[in-house]
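K.L.:
A predicted structure for the sequence below; I have some questions about it.
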Amino acid sequence: MELKPNLTPVLTDALTRSRLGVPSGLSPYSSPKGATFPHHGPLLAIPRKKTGILDDFRSSGCLDAMNSSSPTHNKVSKDLSHGVGSPDAAYSTWLLKFPSALTSFDQISNCAKGKRIALFLDYDGTLSPIVDNPDCAFMSDNMRAAVKKVAEYFPTAIISGRRRDKVYEFVGLSDLYYAGSHGMDIIGPPRQSISGDHPDSEKQGVGELNLFQPAAEFLPMIDEVLGLLKECTKDIEGATVENNKFCASVHYRNVDKESWPIVGQRVYDVMKQYPRLRLTHGRKVLEVRPVIDWDKGKAVTFLLESLGLDNCDDLLAIYVGDDRTDEDAFKVIIIIINRLL
């Protein structure tokens, strides 16, 4: 397969056009001043009256979700060995259905011959290790060099739950596409690095061009909630609240498991005041997001359409991720694969 430099056009400017056709009620740029989003009700069941100190939180299923999305090592080992005999045997059985991409690399390479490749990458746990302090999730120099080399040949995007500028600060590569806040903040490379038609774009920096923010009108609400979350968790040892611009993340990785229900209950109590926001779960993190039909999968679709690759019969889209929030993107990739079969 002959490799050629990536000459893919930049993202469509969402200020004038959305290739996804986002409904006007969800696009802040096409809504009249002061417009609000349509409200279809909260995604979480909100009890009408409180029955006990943690009863409403537990009855909502949130505590179960916290436990299932953040299993301990012992629980993983127990689950793997249940009914099989050993963790190794269970893992081998699982691999029969879900083979490792690393051990199948030759097969993937054969499938890639003659195809137009687009690469999508999660950040935490994929390009960087999972660490106790989210501010210290640094990628290695070797990883950065590998990503830079790939981006020379294929359109490459990083799609993260982190705020977009924070991911860019970690990665430090300008010739990539970045989708922060689970795809709610998307930018492309400076135009000069692709076509040379915008002599000032390199000076403006990666954040000045190709902006797409389908949840911009939620920013004041997210900022307000962020302050409430910081206040209500400040006395819980190990709990930290991260500002991811279009979502707020409450990390409980360093919180004793006995205190997880307290973290969850306090976040839940704040959420009850904001029916236009929803709560999602990741690995030892609770994330507050706007109630709009947008996720990492939608970000993949937007990027493919903006790159002119959405209707290609020779497309090979690859997504690498490690968390529940990446499953939305996996579903889009599966749909693409089935369409091309």
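P.N.:
Cool, got the structure.
K.L.:
What segments of the stretch 151-300 of the chain are strands?
P.N.:
With DSSP state E, counting those that start in this stretch as the criterion, the stretch 151-300 of the chain has strands at 156-159, 177-180, 185-187, 240-243, 248-251, 277-282, 285-290.
K.L.:
Can I get these in TSV including mean neighbour count?
P.N.:
C-betas here are computed from N, CA, C, even on glycine. Converted to TSV, the strands of the stretch 151-300 of the chain look like this (neighbours: other C-beta atoms under 10 Å):
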stretch	mean neighbour count
strand 156-159	26
strand 177-180	26
strand 185-187	26
strand 240-243	20
strand 248-251	24
strand 277-282	20
strand 285-290	24
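K.L.:
So which of those is nearest residue 326?
P.N.:
Relative to residue 326, the nearest member of the strands of the stretch 151-300 of the chain by C-beta to C-beta is strand 156-159, separated by 8.2 Å.
K.L.:
What is the closest one packed up against?
P.N.:
Applying 3 or more C-beta pairs under 8 Å, 6 or more residues apart in numbering; DSSP states H and E, one finds that strand 156-159 contacts strand 116-121, strand 177-180, helix 296-306.
K.L.:
Alpha carbons only: can I get the longest one in PDB?
P.N.:
So that's helix 296-306. Output of helix 296-306 as PDB, limited to C-alpha atoms (Å, rounded to 0.1, in the frame of the first residue of the first chain):
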ATOM      1  CA  LYS A 296     -18.300  10.400  20.700                       C
ATOM      2  CA  GLY A 297     -20.200   8.500  18.000                       C
ATOM      3  CA  LYS A 298     -21.700  11.600  16.700                       C
ATOM      4  CA  ALA A 299     -18.300  13.200  16.700                       C
ATOM      5  CA  VAL A 300     -16.900  10.400  14.600                       C
ATOM      6  CA  THR A 301     -19.800  10.900  12.100                       C
ATOM      7  CA  PHE A 302     -19.300  14.600  12.000                       C
ATOM      8  CA  LEU A 303     -15.600  14.300  11.300                       C
ATOM      9  CA  LEU A 304     -16.100  11.700   8.600                       C
ATOM     10  CA  GLU A 305     -18.700  13.900   6.900                       C
ATOM     11  CA  SER A 306     -16.500  16.900   7.200                       C
END
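K.L.:
that older thread, looking at the helices and strands packed on strand 156-159, which one is packed in the most?
P.N.:
Among the helices and strands packed on strand 156-159, the stretch with the highest mean neighbour count (mean count of other C-beta atoms under 10 Å) is strand 177-180, at a mean of 26.
K.L.:
could the strands of the stretch 151-300 of the chain be laid out in JSON lines, adding distance to residue 136 and mean pLDDT?
P.N.:
What follows is the strands of the stretch 151-300 of the chain, written out as JSON lines (distance: least, C-beta to C-beta, whole Å; pLDDT from 0 to 100):
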{"stretch": "strand 156-159", "distance to residue 136": "18", "mean pLDDT": "97"}
{"stretch": "strand 177-180", "distance to residue 136": "18", "mean pLDDT": "96"}
{"stretch": "strand 185-187", "distance to residue 136": "22", "mean pLDDT": "94"}
{"stretch": "strand 240-243", "distance to residue 136": "12", "mean pLDDT": "96"}
{"stretch": "strand 248-251", "distance to residue 136": "12", "mean pLDDT": "96"}
{"stretch": "strand 277-282", "distance to residue 136": "18", "mean pLDDT": "92"}
{"stretch": "strand 285-290", "distance to residue 136": "15", "mean pLDDT": "95"}
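K.L.:
With distance to residue 315 as extra columns, can I get those strands in JSON lines?
P.N.:
Below are the strands of the stretch 151-300 of the chain laid out as JSON lines (distance: least, C-beta to C-beta, whole Å):
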{"stretch": "strand 156-159", "distance to residue 315": "14"}
{"stretch": "strand 177-180", "distance to residue 315": "16"}
{"stretch": "strand 185-187", "distance to residue 315": "19"}
{"stretch": "strand 240-243", "distance to residue 315": "34"}
{"stretch": "strand 248-251", "distance to residue 315": "32"}
{"stretch": "strand 277-282", "distance to residue 315": "29"}
{"stretch": "strand 285-290", "distance to residue 315": "29"}
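K.L.:
Could you name the stretch from those that's closest to residue 127?
P.N.:
Of the strands of the stretch 151-300 of the chain, nearest to residue 127 by C-beta to C-beta is strand 156-159, at 7.2 Å.
K.L.:
Neighbouring strands - and their directions - for that closest one?
P.N.:
Using DSSP bridges, the strands paired with strand 156-159 are strand 116-121 (parallel), strand 177-180 (parallel).
K.L.:
And the ones you listed: which comes nearest residue 313?
P.N.:
Residue 313 lies closest, by C-beta to C-beta, to one member of these: strand 116-121, at 9.5 Å.
K.L.:
And that closest one, how far out from the chain middle?
P.N.:
16 Å (C-alpha atoms, centre = their mean, to the nearest Å).
K.L.:
and if you look at stretch 216-229?
P.N.:
Here stretch 216-229 is found 19 Å from its chain centre; the criterion is C-alpha atoms, centre = their mean.
K.L.:
For that stretch, what does the pLDDT average out to?
P.N.:
Stretch 216-229 shows a mean pLDDT of 96.
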